[in-house]
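J.: Requesting a structural model of the entry that follows:
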Amino acid sequence: MSCLYFPRLLSECLFACLDWLSCVTDCFFEELVLKDLNHPPTGCVDKDGKQHDFGTEWDRDCMACSCTAEGMSCCSKIPDADTVNAPAHCELVVNKEACTFKTVMKSDMTKECTPI
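T.: Numbers count the residues shown, from 1 in each chain. Down below sits the predicted model:
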């Protein structure tokens with residue numbers, strides 16, 4: 001491997017890690033707590049008190065969630081405006097009902113922009 005190639009590879013890996021971190025910052029993990037040894041949990045309980053069995057996945061409020069024996073994890077399906085690297089003349093538009101988003105021109109919201 002060329003010594004000139006290594007710094008480029010390192011910087012690409014660092015960028016990918018930082019990019020990944022910006023994506024996962026809208027996630028949370030709630031560890032499963034064993035309260036009664038005689039009655040171990042069979043799933044996770046969400047913030048509304050609904051039981052979800054181990055191995056299940058569900059969507060709620062634009063969050064993709066899953067339940068494992070370790071606990072419940074949820075990640076937003078919509079990025080924060082801070083995590084989208086849009087050109088200065090563009091902005092992020094979110095449809096929370098459909099859990100979709102797009103980047104559009106501020107001057108003409110019918111025209112989409114491509115994030116940088």
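
J.: what about the protein, any weak spots by pLDDT?
T.: Scanning the chain for pLDDT under 70 picks out the ranges 1-25.

J.: can you pull out the helices in this structure?
T.: Residue ranges of the helices in the chain, as given by DSSP state H, are 5-24.

J.: which residues in it form strands?
T.: Applying DSSP state E to the chain gives strands spanning 27-31, 43-45, 51-53, 57-60, 63-68, 71-76, 90-95, 100-105.

J.: JSON lines please, covering these and showing distance to T83.
T.: Where you see a C-beta, it was placed from the backbone N, CA and C, and this is true even at glycine. Below are the strands of the chain laid out as JSON lines (distance: least, C-beta to C-beta, whole Å):
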{"stretch": "strand 27-31", "distance to T83": "12"}
{"stretch": "strand 43-45", "distance to T83": "26"}
{"stretch": "strand 51-53", "distance to T83": "27"}
{"stretch": "strand 57-60", "distance to T83": "20"}
{"stretch": "strand 63-68", "distance to T83": "15"}
{"stretch": "strand 71-76", "distance to T83": "10"}
{"stretch": "strand 90-95", "distance to T83": "9"}
{"stretch": "strand 100-105", "distance to T83": "11"}
